[in-house]
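J.: predicted model follows, preceded by the sequence.
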Amino acid sequence: MMAKTNPGRFFEDYRIGQVLTHAVPRTVSGGERALYHALYPARHALYSSDEFARACGLAASPLDDLAAFHIVFGKTVPDVSLNAVANLGYAEGRWLRPVMAGDTLNSVSEVIGLKENSNGKTGVVYVRTRGLNQRGETVMEYVRWVMVRKNNLDAPAPEAVVPELAKVVAPETLAIPPGLDFSAYDFTLAGEPHRMADYEIGEVIDHVDGVTIEEAEHMIATRLWQNTAKVHFDATFRDDGKRLIYGGHVISMARALSFNGLANAQMIVGLNGGAHANPCFAGTTVKAWSEVLDKAETSAPGVGAIRLRLVATSDASVGKLKDETGRYLPGVLLDLDYWALIPA
Amino acid sequence: MMAKTNPGRFFEDYRIGQVLTHAVPRTVSGGERALYHALYPARHALYSSDEFARACGLAASPLDDLAAFHIVFGKTVPDVSLNAVANLGYAEGRWLRPVMAGDTLNSVSEVIGLKENSNGKTGVVYVRTRGLNQRGETVMEYVRWVMVRKNNLDAPAPEAVVPELAKVVAPETLAIPPGLDFSAYDFTLAGEPHRMADYEIGEVIDHVDGVTIEEAEHMIATRLWQNTAKVHFDATFRDDGKRLIYGGHVISMARALSFNGLANAQMIVGLNGGAHANPCFAGTTVKAWSEVLDKAETSAPGVGAIRLRLVATSDASVGKLKDETGRYLPGVLLDLDYWALIPA
Amino acid sequence: MMAKTNPGRFFEDYRIGQVLTHAVPRTVSGGERALYHALYPARHALYSSDEFARACGLAASPLDDLAAFHIVFGKTVPDVSLNAVANLGYAEGRWLRPVMAGDTLNSVSEVIGLKENSNGKTGVVYVRTRGLNQRGETVMEYVRWVMVRKNNLDAPAPEAVVPELAKVVAPETLAIPPGLDFSAYDFTLAGEPHRMADYEIGEVIDHVDGVTIEEAEHMIATRLWQNTAKVHFDATFRDDGKRLIYGGHVISMARALSFNGLANAQMIVGLNGGAHANPCFAGTTVKAWSEVLDKAETSAPGVGAIRLRLVATSDASVGKLKDETGRYLPGVLLDLDYWALIPA
């Protein structure tokens, strides 16, 4: 009798070029939108108001870009990270099409890199994941690499393949939604007067506000994305009785907090990189600050692109991330590097 | 001046043949769907994706069958179980029509059995409850019996009527949604390769995962079904300061956990019986296992019916339910017996 | 380099006649409706069922009137109460049009009163706030006054202007939704048989049920209204480590509890006044009682108006609000005075 439950893949189960079609497609509605607003202090006007989105040239207000990311990501967990010991990094992330109410999302990943660690017990798996809508259009894509356990320690190490990944998504390759137009952008309704020209490269913005996270909230959020990794839900799983908060929950919390100072950095279109610097648990008060890393023009009317470092902290000071040896300080939770669209 | 609040019915208030039209009809939308996914680790593809549901012959993805049950059940609480001391059992449950976004649900119950207990202080009330949509079509029905307190201990005992209830819903009476067709079922998108033939009668499946329940979650869920029995919400109501978790919350949690091993047992169509073996409180880590009790063919293309025992536990071992005296072990929370539709 | 985050307005920043167009418009859907039912024990049939609402002459079931209020209110926080030390009162509140799924709400406030306190450190700001839909129609309006800190203690006191506010919204000025008709009202589906004639002025109704509030719940609710005042979310903000519960959360909780005894007081159409008598924190068990203050006829068929005092308590006795010096008792959380529409 065949075992019925999914043990997940181990390092020796991956092959370069392997394509993983992830399970459980998901149709989104106003329900997911409302829950996103209930779980995070999200206030970017383009994702809150159909009218505002229409005034910017879109058909309606899309699902938050990070919600789309979480849905796409959640589907990969049973195939990619069930036996992962660490989520090591992201690169080459691009949002290609807004996700609208009524859309159904699927995810597909391709294995693009494999490298066994010298200890012979684990290895690093690189996958490029694409999220697709019901028309087969890619709505987003990103590369993620994770450290995965071997089950059979005698399995031979595969030939090491480490993909060359762009340090930054080139701004000219960012996808601008067709029709997007910020030339009649309403700064009053958006909440802040600052356009791209008002931000200087190197400028650091303390987003001031903080949110103390509860167990119920991060579990509700993580389930919403159908990410069912037991470490997030089962208090008996870790020896310390703690439930690890899904890293994406911290990303969304920090991004939402960044409204205060970056209200016009409306649409996330590129993910250059990211590190979950330290684990986060319930009871933590998450705060955030951002640093302006770059700015670029786009071909869309009135639309610029701003490259931001988004840092979530528990108690670290603004502007300081690492100690003298290059390790993240204990108070740093997240160090994310992304591109957003902003009125030029 | 007439008292305005509802004291609930007592045992002496029920009559055989009495019809109770329950209050507060409810229209469901994508909001209820999204919340169901946020509150439970629900991943059955037919309830997650409109596209998947269409490929199975339905018009769209229905509301989860258990969500429909909870909504129908919740309406009965003020009329049936406000003065109940125990929820004793379920039988003859059948889901007759999928509930779609936009549908409005009502509930009606008929009293089909009454038996005063020998102590003269309580009695057992049997009701057959039907859930109806806005077209007056029955979407589900089930029998439930509860032990209810007498208010007037001098009220004479009614003639005892104990209905004969089927131990199992006969598989040929299960309602298959018109158009349902699993002949082109996509096992990859559904998440597991197992069809009915891969399950053996007597097979036991440990669903592996666990969820530690928080107060906020079970209250949010129970309110969503407009079940407002105060024992679930008011920490000052019980002497021990605990809020009893609505038994249906444990049903939905266990069913969602059963995805891991039973991903293709898509639609619940029959409820043969069920016992809330022990009370459940916040802080409990709920796990689940299933046993295959029976299999049957249906007239729909590619669609089989599988009869499953679904057991939710706090700390009991898989496969063991009762002690030598026939009492449920303290670690058993739920013992449910249901029919689901699965690719044949 | 201009500071990018919003410091909020201080007392000296307000001028009589100043119009504040608040940011972040919001489109509502079935998601907000479902969440409202999940967060509060809300059961008024007109807000639960499209069919019931249609039978009362409306196009569909509207968003709960208090949800509309919270959305309108939430937008005012960054402009009105970020530096407030107390929310002092409400008056002249009227709901003018039901909010339907698909509507987009904005808020605009006008400063109608200013009075510096004798300590020279704070002052009282009166604003009249209007919520508007995407057609520019006012859906509700109310006056609120708050005590706000001065930032520059040397700023001269403005000429004191204290608006004359109606103690009670005159019943003939209440807006009845076009088409509303209670002449075929279904009392069974609504849940209680009591019509306006069954209530006596002075009658007090104990709503019996209680809800113990969790941190996750009030934060989810408050974020849903995009009210991001940090005192509700950041456990490090107050010296005592407590998160103050948004006063509107208590209003909605008490109103939902009032279903038990006032199930037919369906639509809130007027807000005469209100006081958040004492702060509320997680762990509190909220109960509620109501007093019938007045009754009035309306021009709509079968529709009466009932004026109610709604009191939320933590442990106070029903009917007792204040001590002999006129101060609210510690167990009183809310003292609200409103008009609702009820079958005549």
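T.: Received the coordinates, thanks.
J.: so how far is stretch A:138-145 off the chain centroid?
T.: 10 Å (C-alpha atoms, centre = their mean, to the nearest Å).
J.: identify the residues contacting it?
T.: A:65, A:68-69, A:72-73, A:76, A:80, A:87-99, A:103, A:105, A:112-113, A:124-133, A:163, A:165, A:271 (C-beta atoms under 8 Å, 6 or more residues apart in numbering or on different chains). Heads up, the C-betas are built off the backbone N, CA and C, glycines and all.
J.: and residue A:337, backbone torsions?
T.: Backbone torsions of residue A:337, given as degrees, to the nearest 10, read phi -130, psi 110.
J.: what helix or strand is the residue lying closest to it once chain neighbours are set aside located in?
T.: With sequence-adjacent residues excluded and distances taken as C-beta to C-beta, 6 or more residues apart in numbering or on different chains, residue A:337 is closest to residue A:272, at 4.0 Å. Using DSSP states H and E, residue A:272 maps to strand A:267-276.
J.: now that strand - C-alpha only, PDB.
T.: Output of strand A:267-276 as PDB, limited to C-alpha atoms (Å, rounded to 0.1, in the frame of the first residue of the first chain):
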ATOM      1  CA  MET A 267       3.300  49.100  -7.300                       C
ATOM      2  CA  ILE A 268       6.000  46.600  -6.600                       C
ATOM      3  CA  VAL A 269       7.400  45.500  -9.900                       C
ATOM      4  CA  GLY A 270      10.900  44.100  -9.100                       C
ATOM      5  CA  LEU A 271      12.500  42.000  -6.300                       C
ATOM      6  CA  ASN A 272      16.200  42.400  -6.400                       C
ATOM      7  CA  GLY A 273      17.100  40.400  -3.300                       C
ATOM      8  CA  GLY A 274      16.100  39.700   0.200                       C
ATOM      9  CA  ALA A 275      17.200  38.100   3.400                       C
ATOM     10  CA  HIS A 276      15.200  36.900   6.400                       C
END
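J.: show me where the stretch 151-300 of chain A has strands.
T.: In the stretch 151-300 of chain A, the strands defined using DSSP state E, counting those that start in this stretch lie at A:204-212, A:267-276, A:285-297.
J.: of all those strands, which one is nearest residue C:262?
T.: Closest to residue C:262 of the strands of the stretch 151-300 of chain A, according to C-beta to C-beta: strand A:204-212, at 35.3 Å.
J.: separation between residue A:338 and chain C?
T.: Distance from residue A:338 to chain C, counting by C-beta to the nearest C-beta, to the nearest Å: 17 Å.
J.: now for the strand holding residue A:272, which elements pack on it?
T.: helix A:65-76, strand A:84-95, helix A:247-257, strand A:303-313, strand A:332-343 (3 or more C-beta pairs under 8 Å, 6 or more residues apart in numbering or on different chains; DSSP states H and E).
J.: do the helix or strand just after the second one and chain B come into contact?
T.: What it means is strand A:84-95. Once the chain leaves strand A:84-95, the next helix or strand it forms, by DSSP H and E, is strand A:104-116. Yes - judged by C-beta under 8 Å from any C-beta of the partner chain, strand A:104-116 comes into contact with chain B at A:104, A:106.
J.: strand A:104-116 packs against which elements?
T.: Against strand A:104-116 (3+ C-beta pairs under 8 Å, 6+ apart) you get strand A:19-21, strand A:26-27, helix A:65-76, strand A:122-132, strand A:138-149, helix B:50-55.
J.: I'd like these laid out as CSV, including distance to residue A:263, mean pLDDT and mean neighbour count.
T.: Converted to CSV, the helices and strands packed on strand A:104-116 look like this (distance: least, C-beta to C-beta, whole Å; pLDDT from 0 to 100; neighbours: other C-beta atoms under 10 Å in any protein chain shown):
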stretch, distance to residue A:263, mean pLDDT, mean neighbour count
strand A:19-21, 38, 98, 15
strand A:26-27, 29, 98, 25
helix A:65-76, 15, 98, 26
strand A:122-132, 26, 98, 22
strand A:138-149, 23, 97, 22
helix B:50-55, 34, 98, 21
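J.: and chain A, what are its domain boundaries?
T.: A:1-28+A:63-165, A:173-344 (automatic domain parsing).
J.: distance from the first one to the middle of the chain?
T.: If I follow you right, that is domain A:1-28+A:63-165. Its chain's C-alpha centre and that of domain A:1-28+A:63-165 lie 13 Å apart, by C-alpha atoms, centre = their mean.
J.: and the last one, by the same measure?
T.: How far domain A:173-344 lies from its chain's middle: 9 Å, per C-alpha atoms, centre = their mean.
J.: state the distance from residue A:178 to chain C.
T.: To chain C, residue A:178 is 21 Å away according to C-beta to the nearest C-beta.
J.: any idea how far the spatially closest residue to residue A:142 that is not a sequence neighbour lies from chain C?
T.: Using C-beta to C-beta, 6+ apart and skipping residues adjacent in sequence, the residue nearest residue A:142 is residue A:93, 3.4 Å away. Separation of residue A:93 from chain C (C-beta to the nearest C-beta) stands at 25 Å.
J.: same check, this time on residue A:158
T.: Residue A:158 sits 44 Å away from chain C, taking C-beta to the nearest C-beta as the criterion.
J.: what does residue A:289 give?
T.: 10 Å.
J.: so what pLDDT did that residue get?
T.: At residue A:289, the model reports a pLDDT of 96.
J.: so it makes contact with residue A:203?
T.: No - counting by C-beta atoms under 8 Å, residue A:203 is not a contact partner of residue A:289; they are 10.8 Å apart.
J.: who's more crowded, the two?
T.: When neighbours are counted by other C-beta atoms under 10 Å in any protein chain shown, residue A:289 and residue A:203 differ, and residue A:289 comes out ahead with 22 against 15.
J.: residues contacting that one?
T.: Neighbour list for residue A:289: A:204-207, A:311, A:313, A:318-319 [criterion: C-beta under 8 Å, 6+ apart].
J.: now do residue A:23
T.: Residues near residue A:23 by C-beta under 8 Å, 6+ apart: A:75, A:78, B:43, B:45, B:188-192, B:263.
J.: what do you get for residue A:34?
T.: Residue A:34 neighbours (C-beta under 8 Å, 6+ apart): B:31, B:34, C:28-29, C:31-32, C:34-35, C:224.
J.: mind putting those into TSV with secondary structure?
T.: TSV is the format used below for the contacts of residue A:34 (DSSP: H, G, I helix; E, B strand; the rest coil):
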residue	secondary structure
B:31	helix
B:34	helix
C:28	coil
C:29	coil
C:31	helix
C:32	helix
C:34	helix
C:35	helix
C:224	helix
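J.: tell me the spacing between residue A:276 and residue B:68.
T.: Distance of residue A:276 to residue B:68, computed by C-beta to C-beta, to the nearest Å: 39 Å.
J.: kindly report the same for residue A:129.
T.: To residue B:68, residue A:129 is 34 Å away according to C-beta to C-beta.
J.: contacts only, for the closest residue to chain C within the stretch 51-200 of chain A.
T.: The nearest approach of the stretch 51-200 of chain A to chain C comes at residue A:191, 3.4 Å away (C-beta to the nearest C-beta). Counting by C-beta under 8 Å, 6+ apart, residue A:191 makes contact with A:43, A:45, A:259, A:263, C:6, C:23-24, C:78.
J.: if I look at the nearest residue to it once chain neighbours are set aside, how far off is residue A:195?
T.: For residue A:191, ignoring the flanking residues on the chain, the nearest one in space by C-beta to C-beta, 6+ apart is residue C:23 at 3.4 Å. Distance of residue C:23 to residue A:195, computed by C-beta to C-beta: 15 Å.
J.: same list (the contacts of residue A:289) but as TSV, adding neighbour count, distance to residue A:339 and pLDDT.
T.: Shown next, in TSV, are the contacts of residue A:289 (neighbours: other C-beta atoms under 10 Å in any protein chain shown; distance: C-beta to C-beta, whole Å; pLDDT from 0 to 100):
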residue	neighbour count	distance to residue A:339	pLDDT
A:204	15	18	96
A:205	22	16	96
A:206	17	21	95
A:207	24	18	96
A:311	26	16	97
A:313	26	22	97
A:318	16	22	77
A:319	10	21	78
